[in-house]
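In: sequence? don't have it. structure:
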Ligand SMILES: Nc1ncnc2c1ncn2[C@@H]1O[C@H](COP(=O)(O)OP(=O)(O)OP(=O)(O)O)[C@@H](O)[C@H]1O
């Protein structure tokens with residue numbers, strides 16, 4: 001027997017280390033059991049915390065329960081307004097609870113304030129929680145328990161005080177009943193020993209009992225929050241989660257009692273006899289005063305003795321208890337059904353009845369309490385219906401005796417009242433176990449897993465699992481075959497083990513977080529370096545742009561110089577007559593071609609630089625390269641080669657007309673040099689500019705559109721533009737330069753400095769064909 005089991009037998013408390021809570025209380029037992037399993041060389045360890053007691057002798061009540069004194073007030077100091085049902089209902093014909101074991105010779109008496117007068121001393125006990133509430137009033141015969149001057153509550157039969165267990169240092173409940181036992185002392189002691197042996201986290205522990213001075217005293221575990229009935233009233237209506245939690249605990253207690261051999265039947269299950277420790281939500285069955293380990297025998301005995309017809313509280317009594325045909329532990333399940341009804345509705349069952357006779361009629365006629373109709377949830381209704389339904393054995397017996405046909409028999413069997421354990425396993429209350437990973441080696445191959453059944457008081461299985469050689473299916477099957485795991489959880493536990501195996505394959509949460517952090521950092525740094533690269537490219541590109549612009553300026557200057565040289569040459573031509581021969585034309589031609597080739601070579605160099613540094617497809621550099629290499633060279637090559645041959649071919653007869661044409665040309669040039677007035681439309685100006693720069697009309701229209709989109713409608717608007725405005729227009733550098741030059745050229749007109757291309761273009765476009773002067 002394990003350490004805890006020995007403690008149980010001795011009726012001792014859990015050790016201090018166990019911290020009183022029942023979960024802790026049962027932990028050492030679990031451990032011991034698992035070690036036993038290991039000794040059996042199984043790889044799993046089964047931890048049973050609630051073991052059945054071996055064949056306990058029949059348990060019988062050893063306390064007297066006097067007839068209820070209708071006049072006795074319910075003076076529970078905690079809930080003065082919620083009288084116990086046995087106090088609120090005055091039954092004419094049925095005593096609330098009756099016992100076969102004791103005669104009813106004495107009743108408690110009260111003073112005018114409802115205070116109990118202890119019969120043996122007639123001493124008035126102060127119920128108030130006065131300053132001397134901690135004062136020791138009396139001690140137990142063995143001196144272990146000391147009753148304090150603090151009343152915990154008073155029921156129809158008991159007065160309960162706070163007391164101290166001086167051996168263990170715990171507070172306990174000191175229950176007193178005014179009674180005179182009719183049983184032999186030997187029987188009394190025997191039954192007290194049995195009550196002491198009843199140990200379960202959901203049953204109030206019974207520590208000791210004695211009889212002295214016409215009073216029966218027993219010491220039990222102290223519960224901090226009163227009865228479940230009082231507590232339900234406090235919560236107004238507990239939610240379904242709480243109801244389930246309470247139900248589970250009550251049923252576990254019942255399953256434990258009913259698991260005794262023979263079964264211990266409580267016989268007075270009701271919310272008044274279920275106590276609660278509110279701080280931990282612990283619920284425990286108390287008041288085992290009516291409990292009986294051999295109810296069938298007892299009830300047979302009682303029916304022959306015909307002393308009492310009813311045992312229990314009418315509202316909670318199963319029909320078979322009324323009928324005196326014998327009953328078994330299923331009467332507690334019926335009573336539990338009524339408790340569940342009360343928990344779920346907050347109403348006392350059969351509250352519609354005025355007396356016990358009415359209840360009796362209804363119960364025996366199979367009429368259910370009114371409040372059952374108010375249950376909405378079908379799962380709750382299903383459980384209550386089953387609890388209040390017919391009990392199996394009685395029906396089988398009666399059916400056999402009446403030879404009912406087999407189909408009816410089977411149908412009835414399927415609806416018979418479930419056992420406490422069956423209700424616990426019913427889907428309404430069943431809680432699927434957890435599977436947890438206790439340990440894993442670094443390779444995630446050797447794992448230690450544990451199946452934990454919630455509540456800790458049932459079963460927990462620990463086992464080794466090799467991820468390489470085992471499969472979840474096989475291991476679970478094996479444990480079920482070994483009856484270590486219940487069959488019904490096969491699917492769930494297999495699924496959970498597989499989930500753990502899958503999770504192990506995945507990186508841990510911190511690893512995942514690390515990965516995310518790293519990838520974010522990588523993305524950030526990638527973006528940052530891309531940005532840096534782009535910035536660097538931009539700087540290079542803008543450097544090149546400036547360089548190219550400078551080259552353009554230089555080229556322009558060179559072009560202007562070439563032009564002035566050309567003009568000079570033309571002037572000399574005119575001065576020296578028309579019949580120029582020999583080296584002069586060559587000289588002139590050389591001058592022109594020198595200028596042209598200088599510009600051209602610059603342009604070509606520029607072009608090659610621009611294309612070398614331009615990123616592929618760059619819109620910036622391509623036009624500049626074109627300007628530099630294409631247009632300027634084209635302009636020069638157009639001018640000099642065309643005009644020089646003309647000059648060479650001027651005949652003497654044409655010298656006069658040359659003079660005329662020179663005048664004409666001067667006139668034309670001066671016309672061209674006339675400044676565009678501010679109100680000249682952008683359309684006219686840009687078309688001229690396009691022509692002057694050898695751009696086709698499509699290009700001109702494109703420029704016009706862009707300018708007009710910026711609200712630049714006239715030459716005046718253009719003149720108002722600042723450098724940054726020009727940059728914002730969105731035209732290519734060439735187009736901007738062409739437009740600017742056109743404007744600049746006009747301004748320079750007064751100084752007779754005109755960009756070559758404009759002059760030639762204007763001349764070409766506006767000179768009448770009849771002028772005969774070098775018109776192309
Ligand atoms: N173990 C306990 N811990 C704390 N308080 C208790 C305990 N047992 C009883 N009480 C208090 O004493 C009151 C009376 O107890 P109880 O209801 O068991 O008496 P009773 O005479 O059996 O009443 P009834 O038969 O009408 O239910 C309870 O309402 C509760 O407040």
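Out: Looks like it came in fine. Predicted model only: the values in this text are computed from it and were never measured.
In: Checking the nearest residue to residue 132 once chain neighbours are set aside next. Helix, strand or coil?
Out: Nearest residue to residue 132 in three dimensions, chain neighbours excluded: residue 149, at 5.5 Å (CB to CB, 6 or more residues apart in numbering). C-beta: built from backbone N, CA, C; applies to glycine. With DSSP: H, G, I helix; E, B strand; the rest coil as the basis, residue 149 sits in strand.
In: To what extent is residue 149 buried, counted in neighbours?
Out: For residue 149, the count of nearby residues is 20 (other CB atoms under 10 Å).
In: Roughly how far does it sit from the ligand?
Out: 16 Å (CB to the nearest ligand atom, to the nearest Å).
In: can I assume that residue is in contact with residue 138?
Out: No. At 9.7 Å, residue 149 does not count as touching residue 138 under the criterion of CB atoms under 8 Å.
In: tell me the mean pLDDT for the helix or strand hosting residue 233?
Out: Assigned by DSSP states H and E, residue 233 belongs to helix 228-235. When pLDDT is averaged over helix 228-235, the result is 87.
In: Packing partners of it?
Out: Judged by 3 or more CB pairs under 8 Å, 6 or more residues apart in numbering; DSSP states H and E, the packing partners of helix 228-235 are strand 274-277, helix 330-345.
In: can I assume residue 436 sits in a strand?
Out: Yes. Checked against three-state DSSP, residue 436 lies within a strand.
In: Where does this structure get nearest to the ligand, which residue?
Out: residue 155 (2.1 Å; CB to the nearest ligand atom).
In: any idea of the mean pLDDT for the longest helix along the chain?
Out: Ranked by residue count under DSSP state H, the longest helix found in the chain is helix 509-575. Averaged across helix 509-575, pLDDT comes to 84.
In: Show the contacting residues for residue 257.
Out: Taking CB atoms under 8 Å, 6 or more residues apart in numbering as the criterion, residue 257 is in contact with 198, 200, 203, 263-266, 285, 291, 329, 332.
In: one more time with 6 Å
Out: Going by CB atoms under 6 Å, 6 or more residues apart in numbering, residue 257 touches residue 264.
In: and it, backbone torsions?
Out: phi -60, psi -40 (degrees, to the nearest 10).
In: Distance of it relative to residue 228?
Out: 17 Å (CB to CB, to the nearest Å).
In: Just name the most buried of the helices and strands packed on helix 228-235.
Out: Burial of these is given as mean neighbour count (mean count of other CB atoms under 10 Å); helix 330-345 ranks first at a mean of 27.
In: Residue 723: which of the helices and strands packed on helix 228-235 is closest?
Out: Residue 723 lies closest, by CB to CB, to one member of these: helix 330-345, at 85.6 Å.
In: Tell me the helix or strand right after the closest one.
Out: Next element after helix 330-345 (DSSP H and E): helix 356-364.
In: So which bits of that next one are buried?
Out: Neighbour counts over helix 356-364 (16 or more other CB atoms under 10 Å) mark 356, 359-360, 362-363 as buried.
In: go on, stretch 444-451?
Out: Under the neighbour-count criterion of 16+ other CB under 10 Å, stretch 444-451 has 447-451 buried.
In: same question, stretch 497-516
Out: Quick answer for stretch 497-516 (16+ other CB under 10 Å): 497, 500-501.
In: Contacts for that stretch, please.
Out: Against stretch 497-516 from outside (CB under 6 Å, 6+ apart): 435, 437, 444, 472.
In: Could you dump the residues you listed into TSV and include distance to the ligand?
Out: Shown next, in TSV, are the contacts of stretch 497-516 (distance: CB to the nearest ligand atom, whole Å):
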residue	distance to the ligand
435	37
437	41
444	50
472	46
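In: nearest to residue 565, of the residues you listed?
Out: Once CB to CB is applied, the member of those that ends up nearest residue 565 is residue 444, at 89.0 Å.
In: Name the helix or strand for the nearest residue to that closest one once chain neighbours are set aside, please.
Out: Distances taken as CB to CB, 6+ apart place residue 504 nearest to residue 444, at 4.6 Å, with adjacent residues excluded. Assigned by DSSP H and E, residue 504 belongs to helix 490-505.
In: count of residues packed around residue 238?
Out: 18.
In: Can I take it that it is in a strand?
Out: No. Counting by three-state DSSP, residue 238 is not found in a strand; it is coil.
In: From residue 471, how far off is it?
Out: In terms of CB to CB, residue 238 sits 44 Å off from residue 471.
In: ditto for residue 341
Out: From residue 341 over to residue 471 (counting by CB to CB), the distance is 46 Å.
In: can you check residue 167 too?
Out: Residue 167 is 53 Å from residue 471, by CB to CB.
In: Between those two, tell me which one has more neighbours.
Out: residue 471 (15 against 12).
In: Quick check: phi and psi at the closest residue to residue 710 other than its chain neighbours.
Out: Distances taken as CB to CB, 6+ apart put residue 729 closest to residue 710, at 5.7 Å, once the chain neighbours are dropped. When read as degrees, to the nearest 10, the backbone of residue 729 gives phi -70, psi -30.
In: and residue 729, how many neighbours?
Out: Residues near residue 729, counting by other CB under 10 Å: 18.
In: And the one 3 residues further on, by the same measure?
Out: Neighbourhood size, residue 732 [other CB under 10 Å]: 19.
In: tell me the pLDDT at it?
Out: 83.
In: pull the helix or strand with minimum mean pLDDT from the chain.
Out: Every helix and strand of the chain was ranked by mean pLDDT, DSSP states H and E. The lowest is helix 22-39, at a mean of 28.
In: Point out where the stretch 401-550 of the chain drops to low pLDDT.
Out: For the stretch 401-550 of the chain, applying pLDDT under 70 flags the ranges 401-415, 454-459, 507-509.
In: Thank you, goodbye.
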